[in-house]
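Asks: Please work out how this folds:
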Amino acid sequence: MSTSNRTTWDFLTDTYWYVTYPDLPALQFSSDDNVLSWTGDQTVWHISGYKNGYFWGVSSALMFDPGSSSTGNPQQRSMVGTVTAGGHVQISFIGNRRIQETITGFGQMSKLAEQWVFQMQMVTSSSSNPTLHWANMMQTKEGDLSWDKLPGVNCSVSDMLEGASYPQFEGDE
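Replies: The predicted structure follows:
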């Protein structure tokens, strides 16, 4: 994408992203007994701001048993990221007082069916049972079917982001 520059990604401000059906499975590894297992991972992002190759907002992830209809409570994190002029992405998902670990995701902005997607990879690193996940994060907005019923979980984008604490610049109210 040689014609791209930092303003190519200005559209990211105030956008919402989620995991589609094909990309819900994530792989867990138990280092205690060397066992692999599958889990589901629905993640929602609200990118509240973008400027000059940097973006920020909140992420909410809900891990679930793919064979069960019950889900737990989502884990919310602040997110700060960069996207280069060529579309390479790095995001830090930063925990709060309850969730200490920071997760880093890497990816690429790509076109899928004429729509921009984040093609992302991540791994949790500080637990004894790390989870690996890659997904095409697709954009959603109010009025879309995915806005009211996210794939894999019985909740909406609003439910996932309820009570989220957004990063702010010093002095912002």
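
Asks: contacting residues around stretch 108-116?
Replies: Stretch 108-116 is contacted from outside by Trp9, Phe11, Val83, Gly87, His88, Val89, Val117, Phe118, Gln119, Asn136, Met138, Gln139, using C-beta atoms under 8 Å, 6 or more residues apart in numbering. Placement of C-beta: from N, CA and C, glycine included.

Asks: how far does it stretch from start to finish?
Replies: 10 Å (C-alpha to C-alpha, to the nearest Å).

Asks: Now that stretch: buried residues?
Replies: Buried residues in stretch 108-116, defined by neighbour count with 16 or more other C-beta atoms under 10 Å: Gln108, Met109, Trp116.

Asks: Chain neighbours aside, what residue packs nearest to Gly81?
Replies: The shortest distance from Gly81 to any non-neighbouring residue, by C-beta to C-beta, 6 or more residues apart in numbering, is to Ile91 (3.6 Å).

Asks: who does the helix or strand in which that neighbour is found pair up with?
Replies: According to DSSP states H and E, Ile91 maps onto strand 88-94. Strand 88-94 sits in its sheet next to strand 75-83 (antiparallel), strand 102-112 (antiparallel), going by DSSP bridges.
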